[in-house]
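Asks: Build the 3D model from these lines:
(chains A, B, C and D)
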Protein chains: 2
Amino acid sequence: MDAYEAVFTALAHPARRRIMLTLNFEGGTMTAGEIADVFEHAWPTTTRHIQVLESAGLLYHEQRGRMRVYHINRRRLELVRDWLEWFSKDPH
Amino acid sequence: MDAYEAVFTALAHPARRRIMLTLNFEGGTMTAGEIADVFEHAWPTTTRHIQVLESAGLLYHEQRGRMRVYHINRRRLELVRDWLEWFSKDPH
DNA sequence: ACAATACTTAGCCTACAGGCTAAATATGTC
DNA sequence: GACATATTTAGCCTGTAGGCTAAGTATTGT
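Replies: Okay, here's the model as predicted:
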């Protein structure tokens, strides 16, 4: 799976976009539990969404004792912006 | 299904992104057959991809005799750009 | 009228995304 | 060591996306 594929499919699900937005709004850093609390979903469901985002490179984490602190990777979102650029360029 | 949902899921599939890029590269206008020719997929498969893009508002078409001419809707892509903007703004 | 062309619609089939619960893992606390 | 806390892993189940073939619908050409 290439990078575009990973990023676009990761952002295809509303829960995952919401994780990204929430994380962004909270300054880019949240624990797994804080993220899970935002959703009505069962925690394992959210864990999986987070994993999809992380394997797409949109998130990364650091272990803090028994907590897992997730960070947003804003740079990775630029892949999307780059893709969109094709439609602004003159196609010749 | 809201607009973001439609656009993001439409762009999640590689074939659909490729339709968008091809159409863009060809100047924004192609017939259904020309689009279908680009892919190894059976034509009906491509038809469905096109429909997904169209119902997301990323494409629209005009009937020209027995041909269907598809046009790219670049404005609609700005929804994605708008979404990305949240991550550039200072979150306060 | 008949056949060919340009597509879509209908409908089948399979894989897998995404929900859940229960169990496992790791760390911190008493 | 035992218990609570934080989180993931395992594994089940269901719906649906996305592939295909066959059949249908217009329009164009002879």
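
Asks: any idea what sits nearest the residue of chain A found nearest chain B, other than its immediate chain neighbours?
Replies: In chain A, the residue found nearest to chain B is A:A12; the distance is 3.7 Å by C-beta to the nearest C-beta. Any C-beta I mention is one placed from the backbone N, CA and C, and that applies to glycine too. Spatial nearest neighbour of A:A12, chain neighbours left out: B:A12 (3.7 Å); criterion: C-beta to C-beta, 6 or more residues apart in numbering or on different chains.

Asks: Assumed A:H71 was part of a helix.
Replies: No - looking at A:H71 with DSSP: H, G, I helix; E, B strand; the rest coil, it is strand, so not inside a helix.

Asks: list the contacts for it?
Replies: Contacts for A:H71 (C-beta atoms under 8 Å, 6 or more residues apart in numbering or on different chains) come out as A:L23, A:G28, A:T29, A:L59, A:Y60, A:H61, A:E62.

Asks: Let me see the ranges of the helices in chain A.
Replies: Taking DSSP state H, the helices of chain A run over residues A:3-10, A:14-25, A:32-38, A:43-55, A:74-85.

Asks: if I look at the residue of chain A found nearest DNA strand C, how far off is A:T31?
Replies: The nearest approach of chain A to DNA strand C comes at A:G65, 2.4 Å away (C-beta to the nearest atom of the strand). Counting by C-beta to C-beta, to the nearest Å, the gap from A:G65 to A:T31 is 10 Å.

Asks: and if you look at A:R17?
Replies: 20 Å.

Asks: and those two? which has more neighbours close in?
Replies: Ranked by neighbour count (other C-beta atoms under 10 Å in any protein chain shown), A:R17 and A:T31 place A:R17 first, with 18 against 15.

Asks: ok so, going back, mind putting the helices of chain A in CSV, distance to DNA strand D and mean pLDDT included?
Replies: Shown next, in CSV, are these (distance: least, C-beta to the nearest atom of the strand, whole Å; pLDDT from 0 to 100):
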stretch, distance to DNA strand D, mean pLDDT
helix A:3-10, 8, 98
helix A:14-25, 12, 98
helix A:32-38, 2, 98
helix A:43-55, 3, 98
helix A:74-85, 17, 97
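
Asks: Let's have those in TSV, adding distance to chain B.
Replies: Shown next, in TSV, are the helices of chain A (distance: least, C-beta to the nearest C-beta, whole Å):
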stretch	distance to chain B
helix A:3-10	5
helix A:14-25	5
helix A:32-38	15
helix A:43-55	12
helix A:74-85	5
